[in-house]
Each structure stands twice: as C-alpha cells, then as structure tokens.
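# Provided below for reference: sequence and predicted model.
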Amino acid sequence: MRQREDLVFPMHEYQRRLAGVRRVMAERELDAMLTTTPENICYLTGFDSPGHYWFQGMVVPMEGEPFTFSRLLETSGVEAGTWVELNYGYHDSDDIPASLAARLLEAGLAASRIGFEQDCWFFTASQQQRLVHSLPTAEFVDASGLIEGLRLVKSDLEVEQIRRAARAAAAGMRAGIDAVAAGRTEDDVAAELTAGLIRGGSHWPSIMPFIASGERGAIGHATWNGRVIQPHDSVFLEVGGCRNRYHAAMMRTVVVGRADPDLKRAFDVVLESFDAAMDAIKPGVPAGEVDRVSRAVIAGAGFGDNQASRTAYSIGIAVPPDWGEGQILSMKPGEGRSLQTNMTFHLLPWVQIPGKGGVGCTETVRVTATGCERLTDFPRELFEA
C-alpha cells in the first residue's frame, strides 16, 4: 500500500477494511478475492469514476499486495485517488478475461481458490465463463456478498460522510421546494433543485433527483419531463446528496395552494408510519419487523395496496444506476437479519394515490446503540407553494 495523507479516509481506515476482507476470506478458505463491484472497489481503495460500464476489477490475495485491473483510461484515476501500488490497465482492443487471467498467473494464483462475484452487474456471464476457461487450473468460487457484508455497518468516519451528503440533500430540497409554483415547469424545479444540491456541497449523485407533478407523482420513479405545474397540483420531490460516493436521500411533497383532503390524510399516515418505524428501529431487531410495523400503519389507514415498495434500504457507497445499497439489506417482508449499530438506511414509507400524486416525507437514518437517529435535518411538513 502506498502510504498517503491526501485520501478521503486515513490509511488506518483502508487497512481495517482490507483486514476485514481477508478475515472473511480465511473463513471461506479463499486464496484470493476478485471483486468487480464498483462500490466494493471504492470501499477498499477510494477509487471514484463513472467509467464502471467498462470492466474493472481488484484482486486481494490472502498475502501480498492487492492489484487493480481496469481500462487503461481509468488507471490515471487509480493513481491519483487511491493507495493502490499495482495498478494494471488493459487496452480497449484487449481480450479482457484472457488479460486478467494472465495477471492472475503472474501473481502466482494459477492453482488457487479464487472468490469472485457471480452476482455483479458489471462482470457479465460471458466474461466470467471466459475467465474460468482461461485459467483452468484455478478453482473459482462464488463469493458474492463477501465485501458487501462488511459494508453494511459503517465506521464513524463513513457516517460523517453520510452526514455531509445529508446536508447537501437538504440544500437541494430547499431550493426545489422554493422553485415550485403554478405556471413553472418540472424542468424549472429540476434546474433549481440540482443547482442547490451542488451548491450545498454534493458531488455527482448516482441518480438524478425525482421531480413529478400532479398525477405523475403517483408513477414510480417518474422525474421531470417539462410538464407545467397547475394550481392545486402536488409536486413530489426526491433527492440524494453525495459526498465521496456516500449518499443520503430524502423525499418531500409540495402542494400548490390548499392540499387535497386525500393528500393531507396520506401525509399524516406517512408521518405516523415513519414514526412507528423509528420507534421500532434498534440493534437486534429484525429488519422485517420494522417493515411489518411501518406497513401495518399504512394498510390500516386504507393505503395498503399503495405501499408498493420496501420500508427502507441500506444506503452508503453508490455508483449509477442506484444510490442505495438495497441489494445488501432492505427492510421488507420476511427479512430476518437483525439491525446493528451504525447501519444506515433511507427510511421511506410513502403513499401513491393514482390520479392525484405521490406523498412522501422520508429521511436517511442511522441505527444507534439505543434506537435511531435522523441524519437528514429538514422540516417534516406538507409544504405549500
């Protein structure tokens, strides 16, 4: 490891993470771990690039120096922003799996037991097959989730990055709310919200904000498309702030004029559901139990069919196409894994009312030793424009 003092985290934080990976590798009797998940590479090294649509990988041997293997264009970023010493690149015209196999051979891993991430968006099935065929004397073992399991519980240093992302999200949300008015377009709101997000300190987020007015607010993941905001519309806003790839997200709803009674009732139910979830969150509680408690409030108010998503998802390091870590852990029916101190979630009970809009008042939260803390700090109200 190159010893540096100019990275996002001090060297002891990266050393702790690397030691954690090797501890789990030993438990699974792996000689090396090949990670191809961009968030995992960022977690271990600090590498930050939107260029993960080309293959990139990192090999962590049980002993010796880890190495990265990425597109030649990306090696400058590895050099500039990480501690990695062995930083190998491939040309766009190279046979990537064969070139990676050659690097594994050079590292003395040809006859080793190598973990890899079969469940990875950016390491295709054909690439995996070609790598295995290119190094037939090695044993490749699916180790999907090995590093993700370590990412679930954040260090205090990571929580501080999420707090900074939360402050940026709040700045963007304030600018977006202030921009809502009859006669303006969703595009106008998007422009102001995004500018506020960046001015508030956000780096590039993994998803652009969601801005949907009127009946479009009831469409999952709808965002701005030029619609003119009308009197009495509701406007649904969701934004994720980002600092050094760590995210914090939140939702709010704005009404133009007086709120429709159904929207007001939905907002009250969303607040009640959120508070019930906050009260339920504490170390040792199964994630599915929090979902059950929160979902019961919405269902009991007659909105059960409109709680279409999980109650919360883990949030932290992210690259496109998602700002969450829900693939690692979500609060959803049947999830039996227990919460631990310093897990962080986007807690998002919300309601979709077809024909009228979406109603959300959500926060990024941290599990504490005794309960739950809001990391986003913003008024919890149904805003009026």
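That came through fine.
# Now stretch 27-47: buried residues?
30-47 (16 or more other C-beta atoms under 10 Å). For glycine as for every other residue, the C-beta is placed from the backbone atoms N, C-alpha and C.
# can you check stretch 346-359 too?
Within stretch 346-359, the residues scored as buried using 16+ other C-beta under 10 Å are His346, Leu347, Leu348, Pro349, Trp350, Val351, Gln352, Ile353, Lys356, Gly357, Gly358, Val359.
# Would you mind measuring the gap between the ends of it?
Start-to-end span of stretch 346-359 (C-alpha to C-alpha, to the nearest Å) is 16 Å.
# just how off-centre is that stretch within its chain?
Computed by C-alpha atoms, centre = their mean, to the nearest Å, the chain-centroid distance of stretch 346-359 equals 20 Å.
# do stretch 213-225 as well
Relative to the chain's own centre, stretch 213-225 is displaced by 22 Å; criterion: C-alpha atoms, centre = their mean.
# now the end-to-end length of it.
10 Å.
# I would like the residues contacting that stretch, please.
Where contact means C-beta atoms under 8 Å, 6 or more residues apart in numbering, the residues beyond stretch 213-225 that reach it are 185-187, 189-190, 208-212, 227, 229-230, 233-236, 253, 308-309, 352-358.
# One more: stretch 84-102?
Surrounding stretch 84-102, the residues in contact under the criterion C-beta under 8 Å, 6+ apart are 1-2, 45, 47, 55, 57-58, 65-75, 78-79, 103, 127-128, 130-131, 134-135.
# quick one: buried residues of stretch 125-137?
Within stretch 125-137, the residues that qualify as buried are Gln127, Gln128, Arg130, Leu131, Val132, Ser134, Leu135, counting by 16+ other C-beta under 10 Å.
# let me redo that: stretch 286-302
By neighbour count with 16+ other C-beta under 10 Å, stretch 286-302 contains the buried residues 286-295, 297-298, 301.
# Quick one: mean pLDDT for that stretch?
Summarised as a single mean, pLDDT over stretch 286-302 is 94.
# In the protein, where is pLDDT below threshold?
Counting by pLDDT under 70, the low-confidence segments of the chain come to 304-307.
# change it to 80
Where the chain drops to pLDDT under 80, the residues are 303-308.
# Would you map the helices across it?
Ranges of helices within the chain are 11-27, 38-45, 75-81, 96-106, 125-134, 146-151, 156-179, 186-199, 261-280, 287-298, based on DSSP state H.
# if we look at stretch 253-272, which residues are touching it?
Taking contacts as C-beta under 8 Å, 6+ apart, the residues outside stretch 253-272 that touch it are 177, 180-182, 217, 229-237, 297-298, 301, 303, 349-351, 353, 356-361, 380, 382-385.
# and Arg17, how many residues sit next to it?
Other residues near Arg17 come to 19 when the count uses other C-beta atoms under 10 Å.
# Spatially nearest residue to Glu117, not counting backbone neighbours?
What sits nearest to Glu117 in space, not counting adjacent residues and going by C-beta to C-beta, 6 or more residues apart in numbering, is Ser144, at 4.8 Å.
# isn't that neighbour right up against Gln128?
No. In this structure, Ser144 is not within contact of Gln128 by C-beta atoms under 8 Å, at 11.4 Å.
# For stretch 184-204, C-alpha coordinates in CSV please.
Coordinates of each C-alpha in stretch 184-204 appear next as CSV, following Å, rounded to 0.1, in the frame of the first residue of the first chain:
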residue,chain,number,x,y,z
ARG,A,184,-43.5,26.9,-13.8
THR,A,185,-42.4,23.6,-15.3
GLU,A,186,-40.9,20.4,-13.7
ASP,A,187,-37.8,21.3,-15.6
ASP,A,188,-37.6,24.7,-13.8
VAL,A,189,-37.8,22.9,-10.5
ALA,A,190,-35.2,20.3,-11.5
ALA,A,191,-32.8,23.0,-12.5
GLU,A,192,-33.1,24.9,-9.2
LEU,A,193,-33.0,21.7,-7.1
THR,A,194,-29.9,20.4,-8.8
ALA,A,195,-28.1,23.7,-8.6
GLY,A,196,-29.0,23.9,-4.9
LEU,A,197,-27.7,20.3,-4.4
ILE,A,198,-24.4,21.1,-5.9
ARG,A,199,-24.0,24.5,-4.2
GLY,A,200,-24.8,22.7,-0.9
GLY,A,201,-21.7,20.5,-1.4
SER,A,202,-22.9,17.5,-3.2
HIS,A,203,-20.6,15.6,-5.6
TRP,A,204,-22.2,13.8,-8.6
